[in-house]
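>>> how would this look folded up:
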Amino acid sequence: MTLDYDIPLEAFKQARARLAPYTRHTPIAPWPMLHNEAPSGLHLKLENLQVVGSFKPRGVCNHMRQLAPEQRKLGVVAASAGNHGVAVAYVARQLGIPAIIYLPEHASADRVARIQAWGAVVVQYGASYDDAHKMAVEHAASEGLTYVHSFDSSSTLAGHGTLALELLEDVPEMDCLLVAVGGGGLIAGVSCALKKMNPQIKIIGVEPTGAPSMYESIKAGHPIALNEVKTIADTLATRSVVERTMVLTQRYVDDMVLVSDAQITAAMRWLWAECNQLVEPSGAAALAAALYGVADMTPFQHPVALICGGNVPAEPILQSYEAGGR
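Now for the predicted structure:
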């Protein structure tokens, strides 16, 4: 039997109060842009400027602030493709909670360093997020630790949904929102909150063509596991969504579209050239759908693209400057 999973509006308001000491009210990119390639009236919600560089601390903080004292004392375990792990490490440091983060073996040295910088223990295991997740769950169960899932928790989704409250304050005339989709925690939380406050706003989910787990699950009518995922947007490369995020996405999201890696890369370049924003591939996915006609923006006067993350390694860029200076 499919559960309801709905989240009351009051839960998002309570989450916002919990997050206030630990997160930022991120800005809307200044408008107008320099050129006219972008859809008319497009705004960008720069969640890449959130603490630790992505939207993830919103859900993590709301979830971990509600842990019981004994759970905090024993510590938490999480698995991540990168950004969730950094967020758990950051929140754990703020709350004085021991944390162990599982990453895939191919996780970048930059992401490992970001997590370790906040004092968490990093364990690299398996070829994918799913492998790391399985081992992390087993670790948590064997030692009686709390597992902090990256998207399968109502408190996590309520934290992510605080973005909707900010958006309606900053762009009250918003008539469309584009959101990148990985496991679905961001779009499920934001769409649930947003539609409760203004059901007329259209919400469009955006996935990479190489990782269409939500797209295919909605088409099938139940969560399915992809045989493989292949995309440069590694934090969107989830083989399967969960029933919670799929049900809420089905209920509150108006459309799902797919963007190619080439379109994502082009959107990354556009963000740098037009807005001086250096973002990770996942952070550019929603914008790619608007820039390259994958999502039809013509009906909307005040669309917003959510730039969900900006964690790209700085070292190669710095090294190129150093090499040029020698």
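>>> burial of D296, as a residue count?
Other residues within reach of D296, judged by other CB atoms under 10 Å, total 14. (Each C-beta comes from the backbone N, C-alpha and C, glycine too.)
>>> no wait, A164
Neighbour tally, A164, other CB under 10 Å: 26.
>>> now R65
Counted with other CB under 10 Å, the neighbours of R65 add up to 19.
>>> in this structure it contacts R18, no?
Yes: checked against CB atoms under 8 Å, the pair R65 and R18 is within contact range at 4.9 Å.
>>> can you report phi and psi for S150?
When read as degrees, to the nearest 10, the backbone of S150 gives phi -80, psi -20.
>>> find the nearest non-adjacent residue to it, please.
Distances taken as CB to CB, 6 or more residues apart in numbering put H84 closest to S150, at 4.0 Å, once the chain neighbours are dropped.
>>> state the pLDDT value of the one you found.
With respect to pLDDT, H84 has a value of 95.
>>> that one looks like it's in a strand, true?
No: H84: not assigned to a strand; according to DSSP: H, G, I helix; E, B strand; the rest coil it is helix.
>>> that one and A117, how far apart?
16 Å (CB to CB, to the nearest Å).
>>> between those two, who's got more neighbours?
Applying other CB under 10 Å to H84 and A117 shows that H84 carries more neighbours, namely 28 against 13.
>>> isn't that one up against K56?
Yes: under the criterion of CB under 8 Å, H84 makes contact with K56 at 5.2 Å.
>>> shared neighbours of those two, anything?
Counting by CB atoms under 8 Å, 6 or more residues apart in numbering, the shared contacts of H84 and K56 are S150.
>>> any stretches of the stretch 151-300 of the chain with poor pLDDT?
Nowhere does the stretch 151-300 of the chain drop to pLDDT under 70.
>>> and the helices in it?
Assigned by DSSP state H, counting those that start in this stretch, the stretch 151-300 of the chain shows helices spanning 154-160, 162-170, 185-197, 213-220, 243-252, 261-275, 281-291.
>>> can you give me the buried ones in the longest one?
It stands for helix 261-275. Using 16 or more other CB atoms under 10 Å as the test for burial, helix 261-275 gives D261, Q263, I264, A266, A267, M268, W270, L271, C275.
>>> cool, and the fifth one?
For helix 243-252, the buried set under the neighbour-count rule, 16+ other CB under 10 Å, comprises R244, T245, M246, V247, L248, T249, Y252.
>>> and for it, what's in contact with it?
Contacts for helix 243-252 (CB under 8 Å, 6+ apart): 2-7, 151-154, 157, 181, 183-185, 187-189, 191-192, 194-195, 203, 205, 214, 217-218, 222-223, 241, 256.
>>> filter those down to the buried ones and hand me the PyMOL line.
A single PyMOL command selects the buried members of the contacts of helix 243-252 (16+ other CB under 10 Å):
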select buried, resi 5+7+151+152+153+154+157+181+183+184+185+187+188+189+191+192+194+195+203+205+214+217+218+223+241+256
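>>> dump stretch 288-302 to CSV, keeping only the CA atoms.
Extracted C-alpha coordinates of stretch 288-302, given in CSV (Å, rounded to 0.1, in the frame of the first residue of the first chain):
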residue,chain,number,x,y,z
ALA,A,288,20.0,24.1,-18.9
ALA,A,289,16.4,23.1,-19.3
ALA,A,290,15.4,26.8,-19.5
LEU,A,291,18.2,28.0,-21.8
TYR,A,292,18.0,25.3,-24.4
GLY,A,293,14.3,24.8,-24.9
VAL,A,294,14.0,21.5,-23.1
ALA,A,295,11.3,23.2,-20.8
ASP,A,296,9.0,25.6,-22.6
MET,A,297,9.3,28.9,-20.8
THR,A,298,7.1,31.0,-23.2
PRO,A,299,4.0,30.8,-20.9
PHE,A,300,5.8,32.3,-17.9
GLN,A,301,6.6,35.9,-17.0
HIS,A,302,8.7,35.3,-13.9
